[in-house]
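Student: Next come a sequence and a model predicted from it.
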Amino acid sequence: MPVTRLKTAQRPGHQVGQRAAHETSERVAALLDQIRAGGEEAVTAMAAEFDGWDGPIVVSPSEIAAASNELSETAKDDIRIAHRHISEFAKIQKDSIREVQVELAPGLLAGQRLVPVETAGCYVPAGRFAHVASALMSVTTSSVAGVETVVAASPARPDRNGVHPAILFAADLAGADVILGLGGVQAIGALANGLFSGRPADIIVGPGNALVAEAKRQLFGQVGIDVIAGPTESMIVADETANPQTVAVDLVSQAEHGADSPVWLATTSAELANEVARLVPLYAEALPEPARDSAIAAWRDHGEIVVTGDREEAAVVCDDYAPEHLQVMAEDLDWWKRRLRNYGSLFLGEETTVTFGDKSAGPNHTLPTGRAARYSGGLNVLRFLKQLTWQQMTPEAAAAQAPIAARISRLEGMEGHARAADIRASDIGAQQT
């Protein structure tokens, strides 16, 4: 049976005109230039202009304590549980790679060290939603990696009297050394240049809007980054055993991220496809605002349903889309886990909704979008660890390596390299006479 498309749409990136992208790039470049030239004064002015915030930028310990008092014990307990899961998973990731030393040939030692970056900048968005889980994901993971200084930044707004209290509680719990009340490009510029903290970031991580993503892209090289994130994506692959109501609810739950957030269904069941197509608009309409408008627009403009003849065809479709989130609601979950290869994070079984991964399950939710899952994974503890190699040789090992390296160097036309090898051989020969 050929692949058929019950509902088609363009992906968000296909609809972004070159002019709009160019205007975003120019705007971000101008703001970053202002930050380089004006430093903390320029950033403070931007916070007032864009977020209406004219209070302190650096959050004080007393403000953090006050934020904790604003939260219910249930909310704090929930954040603590999510933090524990994220921390334990990050520790397991860290333990999966180790420092090594090996003797590759007599007297030729080589090895690997694991060295954390010195300073991490963690951006936590808080526009339409207060992304508490993002604070946990980035700050916890960098802390577990052993980063010396973790600087978190999240928008301070007058209607909240500063940074959202739940974000403050989560970032502090996760190990942030400094918390800045900054959002947008001004936050990314401040993190990169060490403003208000005195510690320029070696790497900046965390999701954000198009301006934040563009700022990270432009600063890449000066700093490391995790991903250049586009709109949130979610895909479900399902067979005839899946519950269409569950499928529809989960698609709508991810569509509420924003009007540009695509949600896709690949299924081997035409009956399921038709029922999901009927239910999704109904469930989107039932959401409260502002989620309602976002979900309706996301499904209308970016939702897709693909019907395949068998599960192998469905897997091919999934790997081609390479979605940020991929849910499997089908029989033989082990087959799907072995077969699928292009995704940011995989959610196996109807019990395992993306919501769990987004908020509290443990694996990181900062994931590649825009088909970047074909070549990259999501944020993880190893992103904060430099895997540094070293080598050391005895005189005898150097003598053995010298003619090999010299011949390869001359084959490449690099005489200087060859002579650096030759002198080792001649030094060893002189010592032995």
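Tutor: Happy to help now that I have it.
Student: Tell me which stretches of the stretch 201-350 of the chain form helices.
Tutor: Using DSSP state H, counting those that start in this stretch, the helices of the stretch 201-350 of the chain run over 210-219, 244-255, 270-285, 291-302, 311-321, 333-339.
Student: Show the contacting residues for residue 379.
Tutor: Applying C-beta atoms under 8 Å, 6 or more residues apart in numbering, one finds that residue 379 lies in contact with 137, 138, 141, 205, 226, 227, 364, 366, 367. From N, CA and C alone the C-beta is placed, and that goes for glycine too.
Student: leaving aside the residues next to it on the chain, what's closest to the last one?
Tutor: Distances taken as C-beta to C-beta, 6 or more residues apart in numbering place residue 344 nearest to residue 367, at 3.0 Å, with adjacent residues excluded.
Student: burial of that neighbour, as a residue count?
Tutor: Residue neighbour count, defined by other C-beta atoms under 10 Å, stands at 26 for residue 344.
Student: pretty sure it contacts residue 323?
Tutor: Yes - using C-beta atoms under 8 Å as the test, residue 344 is close enough to residue 323 to be in contact (7.0 Å).
Student: Now the common contact residues for these two.
Tutor: Overlap of the contact sets of residue 344 and residue 323 (by C-beta under 8 Å, 6+ apart) consists of residue 373.
Student: roughly how far apart are residue 232 and residue 253?
Tutor: Relative to residue 253, residue 232 is positioned 11 Å away (criterion: C-beta to C-beta, to the nearest Å).
Student: Would you mind telling me which of those two has the busier surroundings?
Tutor: More neighbours sit around residue 232 than around the other of residue 232 and residue 253, counting by other C-beta under 10 Å; the figures are 24 against 19.
Student: Got the phi and psi for that one?
Tutor: Phi and psi for residue 232, reported as degrees, to the nearest 10, are phi -60, psi 140.
Student: For it, which non-adjacent residue is spatially closest?
Tutor: The spatial neighbour of residue 232 that comes closest, neighbours along the chain excluded (C-beta to C-beta, 6+ apart), is residue 257 at 4.1 Å.
Student: Quick check: residue 101 touching residue 389?
Tutor: No - at 10.8 Å, residue 101 does not count as touching residue 389 under the criterion of C-beta under 8 Å.
Student: Can you pull the residues that touch both of those two?
Tutor: 110, 111.
Student: just how off-centre is stretch 163-171 within its chain?
Tutor: A distance of 20 Å separates the C-alpha centroid of stretch 163-171 from that of its chain, computed with C-alpha atoms, centre = their mean, to the nearest Å.
Student: next one: stretch 284-301
Tutor: Average the C-alpha atoms of stretch 284-301, do the same for its chain, and the two points are 25 Å apart (C-alpha atoms, centre = their mean).
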